[in-house]
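> this one's sequence-less:
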């Protein structure tokens, strides 16, 4: 087991956002988390990456309690996140954005290898290395955000709404590349995605969140055939 979240509760002041959440991520798998807006999906990712502290419960990464680890330390340990909205640095070039992703990597040869990996995974970025990141299309910015995360050499990659604001064609391209990262590089992925069709189609297992609680979990092939999931998340979406 790579990551184990056990009975985690998170609150914003007096408002509880996550109620005793438990889930696990296995080595080499894509785990999707689906749910309506406000279900707690992004809060969960922010808690795993140290941006929020759990009020109770435990988060273990490779058997180590990481409840109190700083976000930068978690990057050192191999956890990277691509946040909702991409959060690239628009005034810096594509190359500079990528290089910032490797700030935790001390070995020059590894930084070179990771840079090569990012460009192999997203060859479109290679054509735009000197271009200000803010001038890229939405899809290219998403590729840059994921490429920047790959530069930290992660074992666990967290993706928060990677399809947001993208056309269906570009969305399918992004998801093809996400699958490629998982299968070819063996990087485990937690995928939070509003488009339940895509999340279920590209993941091994799925957790369904409602109002900060896990209400269903299992193999994605089984979850997507559940009548409640079909009614709530799949009935009116394009696949």
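Arrived safely, thanks for sending. Quantities reported herein were computed from a predicted structural model and do not represent experimental measurements.
> Which positions within the top helix by length along the chain qualify as buried?
Longest helix in the chain by number of residues (criterion: DSSP state H): helix 168-185. Neighbour counts over helix 168-185 (16 or more other Cβ atoms under 10 Å) mark 170-171, 173-175, 177-178, 181-182 as buried. C-beta here means a position set from N, CA and C on the backbone, and glycine is covered the same way.
> number of nearby residues for the nearest residue to residue 219 once chain neighbours are set aside?
The shortest distance from residue 219 to any non-neighbouring residue, by Cβ to Cβ, 6 or more residues apart in numbering, is to residue 205 (5.7 Å). For residue 205, the neighbour count with other Cβ atoms under 10 Å is 21.
> Look up phi and psi at residue 205.
For residue 205, the backbone dihedrals (degrees, to the nearest 10) come out as phi -130, psi 160.
> Tell me the bridge partners for it.
residue 31, residue 219 (DSSP bridges).
> For it, give me the pLDDT.
At residue 205 the predicted local distance difference test score is 97.
> shouldn't it be in contact with residue 33?
No: with contact defined as Cβ atoms under 8 Å, residue 205 does not reach residue 33; the gap is 9.9 Å.
> secondary structure element for residue 9?
Using DSSP states H and E, residue 9 falls within strand 3-12.
> Which positions in that strand come out as buried?
Quick answer for strand 3-12 (16+ other Cβ under 10 Å): 3-5, 8-11.
> With pLDDT as extra columns, can I get those residues in CSV?
Formatted as CSV, those follow (pLDDT from 0 to 100):
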residue, pLDDT
3, 98
4, 97
5, 98
8, 98
9, 97
10, 97
11, 95
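> Tell me where the protein has strands.
For the chain, strands defined by DSSP state E occupy the ranges 3-12, 15-25, 30-34, 56-61, 64-65, 79-82, 156-160, 188-192, 205-210, 213-219.
> chain center to the fifth one, what's the gap?
So the one you mean is strand 64-65. Mean C-alpha position of strand 64-65 versus that of the full chain (Cα atoms, centre = their mean, to the nearest Å) differs by 20 Å.
> Quick check: can you name the pairing partners of that strand and their directions?
According to DSSP bridges, strand 64-65 forms sheet pairs with strand 56-61 (antiparallel).
> Now do the partner strand: everything it contacts.
2-9, 20-22, 47-48, 65-67, 74, 77-79, 156 (Cβ atoms under 8 Å, 6 or more residues apart in numbering).
> Much appreciated, bye for now.
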